[in-house]
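Undergrad: Below: sequence and its predicted model.
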Amino acid sequence: MARYIDTVRPHSAFPEIFIGLHAPQRPLTPMAIYAIANDRFKALGITIQHRGPHALRHACAARLFAEGLSFKEIGDHLGHRSTSATMTYAKVNMAALREVGDFDLGELP
């Protein structure tokens, strides 16, 4: 992101991060951002149910959660104001949960 802002993003009075590269330079619409992400998923051969920018947020949150970050830390990274907003992105890792569920407690009831 820093490289984009420092070297690619055109200078603009708009506060939005993503600005069109061609005149007239203005903020990209949500539909344009969706189309860019969707096209990139297709080009990479990634087949998932939802291919928009939110898929990237979900993937980021899931990776951060798998790396052991707290919901607060993930929410800060994603720019959320509440933990409940973060929890919609950070899905439970079922494989890890099954591993915990299969833990042998030995003689304990």
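TA: Arrived safely, thanks for sending.
Undergrad: Show me how this structure divides into domains.
TA: If you go by automatic domain parsing, the domain ranges for the chain are 1-48, 52-103.
Undergrad: so of those, which one's packed in deepest?
TA: Ranked by mean neighbour count, those are led by domain 52-103 with a mean of 14 (mean count of other CB atoms under 10 Å). The way it works is simple: take the backbone N, C-alpha and C, and place the C-beta from them, glycine included.
Undergrad: for that domain, the distance to its chain's centre please.
TA: Distance, stretch centre to chain centre, for domain 52-103: 10 Å (CA atoms, centre = their mean, to the nearest Å).
Undergrad: Kindly report the same for stretch 33-46.
TA: Put simply, stretch 33-46 sits 14 Å off its chain's centre (CA atoms, centre = their mean).
Undergrad: need the domains of the chain in JSON lines with mean pLDDT, can you?
TA: Converted to JSON lines, those look like this (pLDDT from 0 to 100):
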{"stretch": "domain 1-48", "mean pLDDT": "88"}
{"stretch": "domain 52-103", "mean pLDDT": "78"}
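Undergrad: which non-adjacent residue is nearest Gly52?
TA: Spatially, and ignoring its direct neighbours in sequence, Gly52 is nearest to Tyr34 (4.3 Å; CB to CB, 6 or more residues apart in numbering).
Undergrad: what's the closest non-adjacent residue to Gly75?
TA: Nearest residue to Gly75 in three dimensions, chain neighbours excluded: Thr86, at 3.7 Å (CB to CB, 6+ apart).
Undergrad: How about Ile5?
TA: Ile17 (7.0 Å).
Undergrad: quick one, phi psi at the one you found?
TA: phi -70, psi -50 (degrees, to the nearest 10).
Undergrad: Hmm, Arg9 and it touching each other?
TA: Yes - counting by CB atoms under 8 Å, Ile17 does reach Arg9; the two are 7.3 Å apart.
Undergrad: C-alpha coordinates for the one helix or strand the residue nearest to Gly75 maps to, PDB please?
TA: Per DSSP states H and E: Thr86 is located in helix 83-87. Extracted in PDB, the C-alpha atoms of helix 83-87 (Å, rounded to 0.1, in the frame of the first residue of the first chain):
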ATOM      1  CA  THR A  83     -14.900  -6.500  17.800                       C
ATOM      2  CA  SER A  84     -18.200  -7.800  16.500                       C
ATOM      3  CA  ALA A  85     -17.400  -6.300  13.100                       C
ATOM      4  CA  THR A  86     -14.100  -8.200  13.100                       C
ATOM      5  CA  MET A  87     -15.700 -11.500  14.000                       C
END
